[in-house]
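Novice: Have a look; sequence and predicted model below, questions after that.
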Amino acid sequence: MLNLNLAFRGLQATEYKTMATPRLWRVTCKRNASKVPAGLTVEIVKSGTNAPPSPKEISAAIMQKHGINISETYCGRSYFEAEEVK
């Protein structure tokens, strides 16, 4: 029984480490989005999830890197493509 508990704890620790692994996303503008030209790229690091960046995160990254203030309305999948960098 003790070995089973130790094995379970080890499994939980492995799962936790996998979940907390940071992931790098490269987000590229597919077509002109308000003030953002097509082809503009930003990189976003996320941890704790494997979901692609949200419009809010994309907007914040563009503001931080390029100084362009863009509404979250223009930061959806129809304007931006997100790919995970391996």
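Specialist: Nice, thanks for sending it over. The structure displayed is predicted, hence computed values, not measured ones.
Novice: For the residue lying closest to Thr21 once chain neighbours are set aside, grab the count of nearby residues.
Specialist: If the residues on either side of it in the chain are set aside, Thr21 comes closest to Ser47, at 6.7 Å by CB to CB, 6 or more residues apart in numbering. C-beta coordinates here come from the backbone N, C-alpha and C atoms, glycine included. Using other CB atoms under 10 Å, Ser47 has 10 other residues around it.
Novice: Contacts only, for Ser47.
Specialist: Ser47 makes contact with Ala20, Thr21, Pro22, Arg23 under the criterion CB atoms under 8 Å, 6 or more residues apart in numbering.
Novice: who wins for most neighbours among the residues you listed?
Specialist: Arg23 (17 neighbours).
Novice: For the residue most central in space within the chain, what are phi and psi?
Specialist: Centroid check for the chain by CA atoms, centre = their mean gives Pro53 as the closest residue, at 3.6 Å. Reported as degrees, to the nearest 10, the phi and psi values for Pro53 are phi -60, psi 140.
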